[in-house]
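> Below are the sequence and a predicted model for it; my questions follow.
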Amino acid sequence: DAKTTQPNSMESNEEEPVHLPCNHSTISGTDYIHWYRQLPSQGPEYVIHGLTSNVNNRMASLAIAEDRKSSTLILHRATLRDAAVYYCILRDVENAGNMLTFGGGTRLMVKP
Amino acid sequence: KAGVTQTPRYLIKTRGQQVTLSCSPISGHRSVSWYQQTPGQGLQFLFEYFSETQRNKGNFPGRFSGRQFSNSRSEMNVSTLELGDSALYLCASSLAVRGYDTEAFFGQGTRLTVV
């Protein structure tokens, strides 16, 4: 799986939007962009994924650059419960395996 | 539906012993993957099983092994435990159908402490 680069940490105020960036300049055509987050003392949980177009779900939005070399996870109104480590991962859809290559992720701190 | 279940949640073992961890995937999921999480190395992929066959393997020594049963439940085994094996071991299940991208569902993990 191709490598991703994320800031080590970010801070946000409660009820404000948060934009978490991810760079993946070596992304291939069959790589999907996945985001997972890990709350304290829990296993990672899926947030959102996409290939080329922007995606929205009940948890977040994913904005993908036109050249696909970067993406941004958007939390529209951060809550204290959103404090977690967020991982941006590329997954090759041609490899049907479930292998996920985690980087260091971004630790999001939310201030009340 | 029930999520991914890992047992036990906590375990303390002595150096040199062996340990077996268990993972029950979400019903209908045939892919089970295992990960090790430590403060120093982060989340690292151990191996993946699909339909009772190991499909992918991470860069871990042969002391780490696994298997999957016909009901998709999986076990991982670590022999000759070392202090450095102390970690959170996570299991994830997925549909993992070739050509389709699907998400992975993680369990709460098993916290292994080697003393």
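That came through, no problem. Numbers count the residues shown, from 1 in each chain, chains lettered A, B, ... in the order given.
> what about residue 81, which SS state?
By default, I'm working from chain A. Three-state assignment for residue A:81 (DSSP: H, G, I helix; E, B strand; the rest coil): helix.
> now do residue B:113
strand.
> hey, what's the residue nearest to the spatial centre of chain B bridged with?
Nearest to the geometric centre of chain B sits residue B:34, at 2.8 Å (CA atoms, centre = their mean). Beta-bridge partners for residue B:34, by DSSP bridges, are residue B:47, residue B:91.
> measure it to residue A:110 for me?
Residue B:34 sits 31 Å away from residue A:110, going by CB to CB, to the nearest Å. C-beta here means a position set from N, CA and C on the backbone, and glycine is covered the same way.
> same thing with residue B:109?
Residue B:109 is 23 Å from residue A:110, by CB to CB.
> more neighbours, those two?
Using other CB atoms under 10 Å in any protein chain shown, the more surrounded residue of residue B:109 and residue A:110 is residue B:109, with 24 against 20.
> residues touching that one, list them.
A:42, A:43, B:6, B:9, B:37, B:88, B:89, B:90, B:91 (CB atoms under 8 Å, 6 or more residues apart in numbering or on different chains).
> What pLDDT is listed against it?
Each residue has a pLDDT score; the one for residue B:109 is 97.
> ok, it to residue B:54 distance?
21 Å.
> swap in residue B:69?
In terms of CB to CB, residue B:69 sits 13 Å off from residue B:54.
> ok so, going back, between the contacts of residue B:109, which is closest to residue B:27?
residue B:91 (14.8 Å; CB to CB).
> Centre-most residue in chain A?
residue A:35 (3.3 Å).
> What values do phi and psi take at the residue nearest to that one when sequence neighbours are not counted?
Distances taken as CB to CB, 6 or more residues apart in numbering or on different chains place residue A:47 nearest to residue A:35, at 4.2 Å, with adjacent residues excluded. In terms of degrees, to the nearest 10, the main-chain angles of residue A:47 are phi -110, psi -60.
> Ok, residue B:84 next?
Taking degrees, to the nearest 10 as the convention, residue B:84 sits at phi -70, psi -10.
> packing partners for the worst-scoring helix or strand of chain B on mean pLDDT?
Sorting the helices and strands of chain B by mean pLDDT, DSSP states H and E puts strand B:53-57 at the bottom, at a mean of 90. Secondary-structure packing of strand B:53-57 (3 or more CB pairs under 8 Å, 6 or more residues apart in numbering or on different chains; DSSP states H and E): strand B:42-50.
> gap between the strand it packs on and the chain center?
7 Å (CA atoms, centre = their mean, to the nearest Å).
> Get me the contact residues on chain A for chain B.
By the rule CB under 8 Å from any CB of the partner chain, the part of chain A lying against chain B is A:32, A:34, A:36, A:42-46, A:49, A:51, A:87, A:91, A:93-94, A:96-105.
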